[in-house]
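1. Sequence and predicted model, in that order:
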Amino acid sequence: MFVLVEMTDTVRIPPWQFERKLNESIAEELNKKLANKVVYNVGLCICLYDITKLEDSYIFPGDGASHTKVHFRYVVFHPFLDEILVGEIKSCSQDGVHALGVASDEAEQVWVWEYETEEGAHDLYMDIGEEIRFRVVDETFVDTSPTGPSSAEASTSNATEEVQKKEAPYTLVGSISEPGLGLLSWWTNS
């Protein structure tokens, strides 16, 4: 679920931070830049683990800051495929869970698993805020890097459409179609 990823970056330290220790300033700048951000094909960055190597620092003409190439390890959330996770249901819609064999109750905006038994079908509701255990079956990274206008025809109406199409940079697809998976309340004696 959590992995250490080796990374390299050039870190800019502004002159007003020269009085601090270099490692402290670099750690703060790396966490500002990466913490709670998704790195494409890597995962969700959590926090700096350690700095493994510092190269020489340079001050470029016209910029009073130092620039240091840093080799470091970062804690990243990146569950492997088939890993079992526990999460919380945040929202339900018609597009919600795709491959689980569930039905949607449009009126209540909740998902319903129609569980078949010998006595008949039972509706198991998945309410917002409940904890759910699921198996990771797929992951999707979306490159959210900014792009320039594709042509001179780019208008304000196209810009508003792009804002509405904003996608999550990292998405996990889960399944609950196995014994022991699904809402935790289904499996407890309460």
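-> Alright, I've got the coordinates.
2. Tell me which residues are up against the biggest helix by length in the chain.
-> Taking DSSP state H as the assignment, the helix of the chain that covers the most residues is helix 22-34. Helix 22-34 is contacted from outside by 9, 11-13, 17, 45, 47-48, 51, 54, 57, 68, 70, 72, 74, using C-beta atoms under 8 Å, 6 or more residues apart in numbering. C-betas here are computed from N, CA, C, even on glycine.
3. you'd agree Thr8 is up against His71?
-> Yes: if you go by C-beta atoms under 8 Å, Thr8 and His71 touch, sitting 5.2 Å apart.
4. just the buried members of the contacts of helix 22-34?
-> The neighbour count (16 or more other C-beta atoms under 10 Å) marks Asp9, Val11, Ile13, Gln17, Cys45, Leu48, Ile51, Ser57, Thr68, Val70, Phe72, Tyr74 as buried among those.
5. Quick check: of the residues you listed, which lies closest to Leu181?
-> Each of those was scored against Leu181 by C-beta to C-beta, and Cys45 proved nearest at 28.0 Å.
6. how about the closest one, secondary structure?
-> Secondary structure, DSSP: H, G, I helix; E, B strand; the rest coil: Cys45 is strand.
7. still on that earlier bit, check the buried ones among the contacts of helix 22-34 and tell me the two furthest apart.
-> The widest separation within the buried ones among the contacts of helix 22-34 (C-beta to C-beta) is 23.6 Å, between Cys45 and Ser57.
8. so Glu114 touches Ala121, yeah?
-> Yes: between Glu114 and Ala121 there is a contact under C-beta under 8 Å: 5.2 Å.
9. Give me the buried stretch members for stretch 135-154, please.
-> By neighbour count on 16+ other C-beta under 10 Å, the buried set for stretch 135-154 is Arg135, Val136.
10. Pull out the buried residues from stretch 183-190.
-> Quick answer for stretch 183-190 (16+ other C-beta under 10 Å): Leu183, Trp186.
11. so after the helix or strand of the chain with the lowest mean pLDDT, what's the next helix or strand?
-> Least confident helix or strand, the chain: strand 103-105 with a mean of 45, by mean pLDDT, DSSP states H and E. Where DSSP states H and E defines the elements, the next helix or strand beyond strand 103-105 is strand 110-117.
12. Quick one: distance of that next one to the chain centre.
-> Relative to the mean C-alpha coordinate of its chain, strand 110-117 is positioned 28 Å out (C-alpha atoms, centre = their mean, to the nearest Å).
13. The buried ones among the contacts of helix 22-34 in strands, which ones?
-> Using DSSP state E, the subset of those located in strands is Asp9, Val11, Ile13, Cys45, Leu48, Ile51, Ser57, Thr68, Val70, Phe72, Tyr74.
14. Gly87: which of those is nearest?
-> Cys45 (19.0 Å).
15. how close does the residue lying farthest from the centre of the chain sit to Phe2?
-> Within the chain, the residue lying farthest from the chain centre (C-alpha atoms, centre = their mean) is Glu119, at 41.4 Å. Distance, Glu119 to Phe2, by C-beta to C-beta, to the nearest Å: 43 Å.
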